[in-house]
Structure formats: structure tokens, C-alpha cells
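In: Dropping the sequence and predicted coords here.
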Amino acid sequence: MAKSKQLLIRMNSSADTGFFYVTTKNPKKNTEKMQLRKYDPVARKHVVFKEGKIK
């Protein structure tokens, strides 16, 4: 069975609340770091989430 090309990444909140989402990314198609505007329930508003490493 072949290995998956998808990597798990952690999307950290730019509001410094410590909240994060975990999602997947194909590094061959998307070579730059991802940035998504998503909802942060701690800050109770939409903020930019930036890609980080899963520890």
C-alpha cells in the first residue's frame, strides 16, 4: 500500500489565544505556508490562522 502524500499541519491563531486547528496539506501542490481566515472561539471572532508544526 502506498504512503499518503498528505501531511498533517497545525493552524495556529494569530490572536495568540493558543487555539489551533489541525488539517492536512499536500506539500507538492502547495509549497508555501498556508494562511486561512477562520473562527477563533476564544477570541470570539474571525482571525488569520497560520501554518505551524505539530509537536
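Out: Sure, I can see it. What you are looking at is a predicted structure, and each value in this text was computed from that prediction instead of being measured.
In: Assign Ala43 to helix, strand or coil.
Out: coil (DSSP: H, G, I helix; E, B strand; the rest coil).
In: so it touches Phe49, yeah?
Out: No - with contacts counted by CB atoms under 8 Å, Ala43 stays clear of Phe49, the gap being 11.3 Å. C-beta here means a position set from N, CA and C on the backbone, and glycine is covered the same way.
In: Show me whatever sits in contact with both of the two.
Out: Here Ala43 and Phe49 share the contacting residues Ser13, scored by CB atoms under 8 Å, 6 or more residues apart in numbering.
In: Please, where are all the strands along this structure?
Out: Using DSSP state E, the strands assigned to the chain run over residues 7-13, 20-25, 35-40, 45-52.
In: So which bits of the second one are buried?
Out: In other words, strand 20-25. Buried residues in strand 20-25, counted by 16 or more other CB atoms under 10 Å: 20, 23, 25.
In: cool, the third one as well?
Out: Along strand 35-40, these residues count as buried under the neighbour rule (16+ other CB under 10 Å): Asp40.
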